[in-house]
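S.K.: Turn this into a model:
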Amino acid sequence: MTLLESVIRLVIAFALGSAIDLERQWRQRMAGLRTNTLVATGSALFVILSALTPEDASPTRIAAQIVSGIGFLAGGVILREGLSVRGLNTAATLWCAAAIGALAGLGLISQAFLGAIAVLVANIILRPLGYRINEQPLKGTELELCYRCTIDCREDDEAHVRLLLLQSLSNSKVRLRSLRSEDLEKPEMVEVEADIMTQERQDDVLEQIVNRLSLEPGVTAVEWRIIEEEYG
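M.R.: Have a look, this model is predicted:
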């Protein structure tokens, strides 16, 4: 491999990684403007190194090590927040960026371009499609939606708030999965947290519950949010 060929392969790996990074940065994801570029460029460098030393290393063996090694980097961007998991798409994008860099390093330019296009299509075009699917009713599917309702109240009103919450849920189409209380840093204040399951979007039901609880004099803050979608 000549120096010019190495430069061309590196430039292509850099450019394709940057294209993926632009989409990630535009959406303000964890792996921003440099991460995928560095992954693609580094993968290309390792493969070029193996190609320049044919007697000591095999490009396919180096590529296999890249596949396993990138797993440690991708694992670092996966975060668990309560019952939900974030960063899986970012980790998969990093994994694909490594593959694109390896293809560019091997001189398989057309395949590298096709891989980059596939990643961009998955992240740009399939995203709104996924949102549209999520907006459909979940009834009749194996998916369940989990809401989390959080109420901050005085310690003396904790039992009353829990009772009101249970009564509100008993008259709705949702079911309680868990209910817990925890002392807050403020003196004599308690946080009551309920996880609520349903197979349909029930935003209006949660809003009614929140509005009812907010009228209680002992309640200082109340909110609800969707925390996960899971298979039952």
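S.K.: In terms of secondary structure, what does the top helix by length along the chain contact?
M.R.: Ranked by residue count and defined by DSSP state H, the top helix of the chain is helix 3-26. On a contact count with 3 or more C-beta pairs under 8 Å, 6 or more residues apart in numbering; DSSP states H and E, helix 3-26 meets helix 35-52, helix 88-105, helix 109-124. (Each C-beta comes from the backbone N, C-alpha and C, glycine too.)
S.K.: quick check: angle from the shortest one to helix 35-52?
M.R.: Read it as helix 109-124. Here the directions of helix 109-124 and helix 35-52 differ by 160 degrees (axes from the mean of the first three to the mean of the last three C-alpha atoms, to 10 degrees).
S.K.: what about this structure, any weak spots by pLDDT?
M.R.: Scanning the chain for pLDDT under 70 picks out 1, 24, 27-33, 54-60, 73-74, 76-86, 127, 130-143, 228-232.
S.K.: Can you pull the domain assignment for it?
M.R.: 3-133, 143-231 (automatic domain parsing).
S.K.: and among these, the most buried is which?
M.R.: Among the domains of the chain, ranked by average contacts under mean count of other C-beta atoms under 10 Å, first place goes to domain 3-133 (a mean of 17).
S.K.: Pull the residues that contact stretch 93-111.
M.R.: 5, 9-10, 12-13, 16-17, 20, 24, 31, 35-37, 39-48, 51, 59, 63, 66-67, 70-71, 73-74, 77, 112, 115-116, 118-119, 123 (C-beta atoms under 8 Å, 6 or more residues apart in numbering).
S.K.: Same question for stretch 187-198.
M.R.: 83, 138, 144-156, 158, 161-162, 165, 169, 173-184, 206, 220, 227.
S.K.: picking that back up, the longest helix of the chain versus helix 109-124: what angle between them?
M.R.: 0 degrees.
S.K.: and E193, what helix or strand is that in?
M.R.: Assigned by DSSP states H and E, E193 belongs to strand 189-198.
S.K.: how far does that strand sit from the chain's center?
M.R.: Centroid displacement of strand 189-198 relative to its chain, using C-alpha atoms, centre = their mean, to the nearest Å, is 23 Å.
S.K.: What strands flank it, and is each parallel or antiparallel?
M.R.: strand 143-154 (antiparallel), strand 175-183 (antiparallel) (DSSP bridges).
S.K.: Can you lay out those strands as CSV showing distance to L103?
M.R.: Formatted as CSV, the strands paired with strand 189-198 follow (distance: least, C-beta to C-beta, whole Å):
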stretch, distance to L103
strand 143-154, 36
strand 175-183, 45
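S.K.: circling back: reformat the helices and strands packed on helix 3-26 as a markdown table; add distance to S214.
M.R.: Output for the helices and strands packed on helix 3-26, formatted as a markdown table (distance: least, C-beta to C-beta, whole Å):
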| stretch | distance to S214 |
| --- | --- |
| helix 35-52 | 42 |
| helix 88-105 | 35 |
| helix 109-124 | 39 |
